[in-house]
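J.: only the shape, not the letters, is given here:
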């Protein structure tokens, strides 16, 4: 997602057209994360993804049309075997995808989104889905940050207050939603509320061969990755070029060193059972979303 935001900023700086596609509703089995986004450049290059096979090809075609006409659209795809089997996309879900031109003067919005994801903060991005003359194309996005800051304007103070209230609930559930808002003229607006969450970080304790493969997989899956070992030869940037950080420290010094949050994942794959237990005793009650440890059934029972 970060690559999509960075590319959008670059295209807006160059005053070039592009189309951004976002999953706004989903049901059943899908070939992608429901938080996926895809950007199509003027040259037709794809950055990010909203799926595979024929689905992505259809969205790409729609993105080209949206760029040409400058008008948003929502497409629904029923991912049955009949629809997708020829391309190998054997899913059974239903997905709706919003494809829209990049918002006018949207650099501040995308830069703020990147900052939220990089600094461990959160936000809720609201997008008006309904066509309405009071909310013109390119001015339908409003971002509410977890520290109270806002970016953009919908030109409707009551609507913005509504978004701020619901945004807190969206962040707690970490799931997107489509809400209905009634305007002063009696019209009903469909508002897409999307949680913007920090990039998760996996802390890998141990710099052995398992860690080497784990870091590569984590980076491919969109995680930040940090490797911690008590041996300089096993925790260094040369050995882990893809890691965001390599840290050398004694395993008995962890208490108070790391403030694991709900967006952090911890994996214990050190060179010995005693080190795994030493670390686990110090962090077992932390706020990390996940703590994992490699080991046999006998090791687990001993722990």
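T.: Right, received. Where do you want to start? No experiment lies behind these values; they were computed from the predicted model shown.
J.: so the residue lying closest to residue 199 once chain neighbours are set aside, which of the three states?
T.: Nearest residue to residue 199 in three dimensions, chain neighbours excluded: residue 117, at 4.8 Å (CB to CB, 6 or more residues apart in numbering). Every C-beta, even on glycine, is put in place using the N, C-alpha and C of the backbone. Residue 117 falls in the helix class when you classify it by DSSP: H, G, I helix; E, B strand; the rest coil.
J.: how near is residue 117 to residue 2?
T.: Computed as CB to CB, to the nearest Å, the residue 117 to residue 2 distance reads 6 Å.
J.: look at these two and report which has more neighbours.
T.: Per other CB atoms under 10 Å, whichever of residue 117 and residue 2 has more neighbours is residue 117, with 21 against 13.
J.: tell me the pLDDT at the more buried one?
T.: pLDDT recorded at residue 117 is 92.
J.: got the residue ranges for the helices in the stretch 51-200 of the chain?
T.: Along the stretch 51-200 of the chain, counting by DSSP state H, counting those that start in this stretch, helices occupy 53-69, 81-84, 107-119, 157-173.
J.: of these, which is nearest residue 132?
T.: With respect to residue 132, and counting by CB to CB, the nearest of these is helix 157-173 at 10.9 Å.
J.: who's in contact with the closest one?
T.: Contacts with helix 157-173, where a contact means CB atoms under 8 Å, 6 or more residues apart in numbering, come from 122-124, 126, 142, 144, 146, 150, 153-154, 176-177, 179, 181, 183, 189, 191, 193-195.
J.: how about 10 Å then?
T.: Helix 157-173 has contacts (CB atoms under 10 Å, 6 or more residues apart in numbering) with 122-126, 128, 134-135, 142-146, 148, 150, 152-154, 156, 175-177, 179, 181-184, 189, 191, 193-197.
J.: nearest to residue 229, out of the helices of the stretch 51-200 of the chain?
T.: helix 107-119 (24.9 Å).
J.: helices or strands up against that closest one?
T.: Secondary-structure packing of helix 107-119 (3 or more CB pairs under 10 Å, 6 or more residues apart in numbering; DSSP states H and E): helix 2-13, strand 123-128, strand 141-145, strand 150-151, strand 188-196.
J.: mind listing the shared neighbours of residue 117 and residue 2?
T.: Contact criterion CB under 10 Å, 6+ apart; residues bridging residue 117 and residue 2 by contacting each: residue 199.
J.: run through the residues that contact residue 111.
T.: 5-6, 8-9, 151.
J.: pretty sure residue 15 is in a helix, no?
T.: No - Residue 15: not assigned to a helix; according to three-state DSSP it is coil.
J.: returning to that earlier point: mind checking the helices of the stretch 51-200 of the chain for the one nearest to residue 16?
T.: Residue 16 sits nearest to helix 53-69 of all these, at 9.6 Å, using CB to CB.
J.: which of the residues in the closest one are buried?
T.: Within helix 53-69, the residues that qualify as buried are 53-56, 59-60, 62-63, 66-67, counting by 16 or more other CB atoms under 10 Å.
J.: and which of those residues is nearest residue 77?
T.: Closest approach between the buried residues of helix 53-69 and residue 77, by CB to CB: residue 55, at 5.6 Å.
J.: leaving out the residues flanking it, which one is nearest to the closest one?
T.: Leaving aside its sequence neighbours, residue 55 sits nearest to residue 77 (CB to CB, 6+ apart; 5.6 Å).
J.: distance check, that neighbour against residue 94.
T.: Using CB to CB, residue 77 is found at 7 Å from residue 94.
J.: who's more crowded, the two?
T.: Counted by other CB under 10 Å, residue 77 and residue 94 do not tie: residue 77 has more neighbours, with 22 against 16.
J.: report the beta-bridge partners for the more buried one.
T.: Note on residue 77: beta-bridge partners by DSSP bridges are residue 95.
J.: with residue 177 instead?
T.: With DSSP bridges as the rule, residue 177 is bridged to residue 193.
J.: ditto for residue 141
T.: In this entry, residue 141 is beta-bridged to residue 127, by DSSP bridges.
J.: touching, residue 130 and residue 189? I think so.
T.: Yes - counting by CB atoms under 10 Å, residue 189 is a contact partner of residue 130 at 4.6 Å.
J.: helix or strand with the lowest mean pLDDT in this protein?
T.: Ranked by mean pLDDT, DSSP states H and E, the weakest helix or strand in the chain is helix 81-84, scoring a mean of 56.
J.: rewinding a little: include distance to residue 268 when you put the helices of the stretch 51-200 of the chain into a markdown table, please.
T.: Listed next are those as a markdown table, based on distance: least, CB to CB, whole Å:
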| stretch | distance to residue 268 |
| --- | --- |
| helix 53-69 | 38 |
| helix 81-84 | 40 |
| helix 107-119 | 26 |
| helix 157-173 | 29 |
